[in-house]
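**Student:** A predicted structure for the sequence below; I have some questions about it.
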Amino acid sequence: MRALRASARTLAFAAIFAGCHSDKAPTQVGGYPLLADVYMPSASAFSPVQTEIARTGTVRFNFPPLEHNVVFTGALPGTPSDIPTTQSTVVSRQFSVAGTFDYTCTLHPEMVGLVIVH
């Protein structure tokens, strides 16, 4: 009988802890997203112009059929590599260091953007 009660208690604890576990990865850290998208709806602007993410987060740059590039304009440690001229694809960059990262499209100099990593 004692063994049966102990076994029942073990099963109950297992059920409680199983309900608390989730296989889903977190989508935010400290109130900031771990994933963000930047679009290029024209030859004159990134959208959004300013993107805020959590440290270790990823920004997906969504390239339209019109050619663009993404060139980061700073020497801050942790600056991701530039994205060469491309079109009709999505290119991701991860930001592992907190800071402010300016970028531009050198093909369309009026296109400027900013990633703020918290």
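**Tutor:** Right, received. Where do you want to start?
**Student:** pretty sure Ala36 is touching Phe61, no?
**Tutor:** No - contact status for Ala36 versus Phe61: not in contact, 10.0 Å apart, counting by Cβ atoms under 8 Å. For glycine as for every other residue, the C-beta is placed from the backbone atoms N, C-alpha and C.
**Student:** who's more crowded, these two?
**Tutor:** Phe61 (22 against 17; other Cβ atoms under 10 Å).
**Student:** now the more buried one, what's its secondary structure?
**Tutor:** Taken by DSSP: H, G, I helix; E, B strand; the rest coil, the conformation at Phe61 corresponds to strand.
**Student:** correct me, but it touches Pro84?
**Tutor:** No - assessed by Cβ under 8 Å, Phe61 is found out of contact with Pro84, at 11.6 Å.
**Student:** Can you pull the poorly scored residue ranges out of this structure?
**Tutor:** 1-23 (pLDDT under 70).
**Student:** Which parts of it are helices?
**Tutor:** Using DSSP state H, the helices of the chain run over 2-20.
**Student:** Contact partners for Thr27?
**Tutor:** 33-35 (Cβ atoms under 8 Å, 6 or more residues apart in numbering).
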